[in-house]
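Engineer: coordinates only, sequence not included:
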Ligand code: GDD
Ligand code: MG
């Protein structure tokens, strides 16, 4: 059985982080995001191949994931000649398929039991089964209405304020039957949410909901990206390297050097080769990437710093995200919620 990961979006809402790092491989702690999704797909013993549907910066993603060595499943890449939208991408990637396929949006993290979704899909002989999750505000998502028997009655992508009739949304995880793919036009941009799902309802086909009340997040915005790290550190989402640690515990690489006289308050993540100098303060929910140096008197608080950063003496970084190789000068202050692209240089005493 195959799984398709839709990972071709540009990640515009995560810019500038995604200028050099496409969203599917932004690091969550020290692992690319897609590793977490692949871990979840491995729950399904039948899945023997993950097809990555790519468009934006495919090379970068291939370099990071290879053929799936060390991931426990074979990885194949399908690169669209142009962005085909979610529907077009599924058709393009799944054209040769003859059996049910699992599809994930490449930016959602859940603990849904994928085997149970597959079981329901088969029991109901559905054309499509989609996972739903309740949210406070469905505006930014696909609103999905169901009936008492778990059938989908309405699918409305990005509803207007006055169109919100329930709180269940499309969680971005599907089981689909490829015999319907031929109704997706070839080689034009086409949305699974706006066209294909409504077409199932119009035709009266079996279109089933699997409602999951467990953890769910779409990492597509800086606020959500910060949130997912907090959730893993708090144990709300069990994932390495925090899964085995006591609540509130920190993960510190064996070769990281935290000098005497550092005020260190977990939970935090400190990666390989990090140096934190005397008098610095590392406050809760900080993630300090590989080889980053935090100088005397600097404060890192609730922030994520990607590898190879330099945080100068007495600088302070609060509630922000810094891309790779950022240089934060002496006494600089970076406040909530700044997002700095790779190689940003902040001159001494700047305020951001
Ligand atoms: N290959 C390919 N080609 N992938 C694409 C393309 C494309 O042209 N466009 C988008 N994708 C991928 C994105 O990379 C992402 O992983 C996924 O498809 C969904 O696109 P988003 O841009 O993240 O959509 P969204 O977050 O606004 O809405 C979608 O996800 C919500 C849940 O997070 C919809 O599926 C909503 O219905 C859903 O509620
Ligand atoms: Mg999204």
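Structural biologist: Okay, I see it. Note that the structure is predicted; figures quoted are calculated from it, not measured. Numbering: from 1, shown residues only. Ligands and ions are numbered 1, 2, ... in the order given.

Engineer: for residue 24, which non-adjacent residue is spatially closest?
Structural biologist: residue 7 (3.8 Å; Cβ to Cβ, 6 or more residues apart in numbering). Every residue, glycine included, has its C-beta placed from N, CA and C.

Engineer: before we move on, what about residue 37?
Structural biologist: Leaving aside its sequence neighbours, residue 37 sits nearest to residue 104 (Cβ to Cβ, 6+ apart; 5.7 Å).

Engineer: which helix or which strand is home to the one you found?
Structural biologist: Element membership of residue 104, judged by DSSP states H and E, is strand 101-105.

Engineer: so for that strand, what's the average pLDDT?
Structural biologist: Mean pLDDT, strand 101-105: 97.

Engineer: who are the packing partners of it?
Structural biologist: strand 2-6, helix 33-41, helix 85-94, helix 114-123, strand 168-176 (3 or more Cβ pairs under 8 Å, 6 or more residues apart in numbering; DSSP states H and E).

Engineer: give the next helix or strand downstream of the fourth one.
Structural biologist: Remark: after helix 114-123, the chain's next helix or strand is strand 128-134, criterion DSSP H and E.

Engineer: what does that next one contact?
Structural biologist: Residues from elsewhere that reach strand 128-134 (Cβ atoms under 8 Å, 6 or more residues apart in numbering): 110, 112, 117, 120-121, 144, 146, 152, 167-177, 180, 197, 200, 205, 207-213, 216.

Engineer: swap in 7 Å and give it another go.
Structural biologist: Contact with strand 128-134 is made by 112, 117, 120-121, 144, 167-171, 173-177, 200, 207-213, 216, as judged by Cβ atoms under 7 Å, 6 or more residues apart in numbering.

Engineer: follow-up on the earlier one: the strand holding residue 104 and ligand 2, are they touching?
Structural biologist: No: against ligand 2, strand 101-105 shows no contacts by Cβ under 5 Å from the ion, the least distance being 5.9 Å.

Engineer: so what are the sheet partners of that strand and their directions?
Structural biologist: Note on strand 101-105: by DSSP bridges, its sheet partners are strand 2-6 (parallel), strand 168-176 (antiparallel).

Engineer: can you give me how far it is from the chain middle?
Structural biologist: Chain-centre distance of strand 101-105: 14 Å, with Cα atoms, centre = their mean, to the nearest Å.

Engineer: and the very next helix or strand once past that strand, is it in reach of ligand 1?
Structural biologist: Sequence order places strand 108-110 as the next helix or strand after strand 101-105, per DSSP H and E. Yes: judged by Cβ under 6 Å from any ligand atom, strand 108-110 comes into contact with ligand 1 through residue 108.

Engineer: show me what contacts the residue in the stretch 251-352 of the chain positioned nearest to ligand 1?
Structural biologist: Ligand 1 sits closest to residue 339 of the stretch 251-352 of the chain, with a gap of 17.4 Å, by Cβ to the nearest ligand atom. Residue 339 sits next to 16, 17, 222, 320, 321 when contact means Cβ under 7 Å, 6+ apart.

Engineer: likewise for residue 159?
Structural biologist: Contacts of residue 159 (Cβ under 7 Å, 6+ apart): 138, 139, 143.

Engineer: confirm that it sits in a strand.
Structural biologist: No: using DSSP: H, G, I helix; E, B strand; the rest coil, the secondary structure at residue 159 is coil, not a strand.

Engineer: quick one: low-confidence residue ranges for the stretch 1-150 of the chain.
Structural biologist: Within the stretch 1-150 of the chain, not a single segment meets pLDDT under 70.

Engineer: list the buried residues of the lengthiest helix in the chain.
Structural biologist: In the chain, with assignment by DSSP state H, the single longest helix is helix 222-233. By neighbour count on 16 or more other Cβ atoms under 10 Å, the buried set for helix 222-233 is 222, 224, 225, 226, 228, 229, 231, 232, 233.

Engineer: dump the residue contacts of residue 291.
Structural biologist: Counting by Cβ under 7 Å, 6+ apart, residue 291 touches 273, 274, 307, 308.

Engineer: tally up the residues packed near the nearest residue to it once chain neighbours are set aside, please.
Structural biologist: Spatially, and ignoring its direct neighbours in sequence, residue 291 is nearest to residue 273 (4.2 Å; Cβ to Cβ, 6+ apart). As a burial measure, residue 273 scores 16 neighbours (other Cβ atoms under 10 Å).

Engineer: same check, this time on the one 5 residues further on
Structural biologist: Other residues within reach of residue 278 by the criterion other Cβ under 10 Å amount to 12.

Engineer: that one in helix, strand or coil?
Structural biologist: coil.

Engineer: any chance of the backbone angles for it?
Structural biologist: Per-residue torsions, residue 278: phi -50, psi 140 (degrees, to the nearest 10).

Engineer: touching, the residue nearest to residue 24 and residue 54? I think so.
Structural biologist: Yes: taking Cβ atoms under 7 Å as the definition, residue 7 is a contact partner of residue 54 at 5.7 Å.

Engineer: okay, these two: which has more neighbours?
Structural biologist: Taking neighbours as other Cβ under 10 Å, residue 7 and residue 54 compare with residue 7 leading, 28 against 25.

Engineer: got the contact list for that one?
Structural biologist: By Cβ under 7 Å, 6+ apart, residue 7 lies in contact with 24, 34, 52, 53, 54, 61, 106.

Engineer: count of residues packed around residue 98?
Structural biologist: 9.

Engineer: thought it was touching residue 178?
Structural biologist: Yes: between residue 98 and residue 178 a contact is recorded at 6.4 Å, counting by Cβ under 7 Å.
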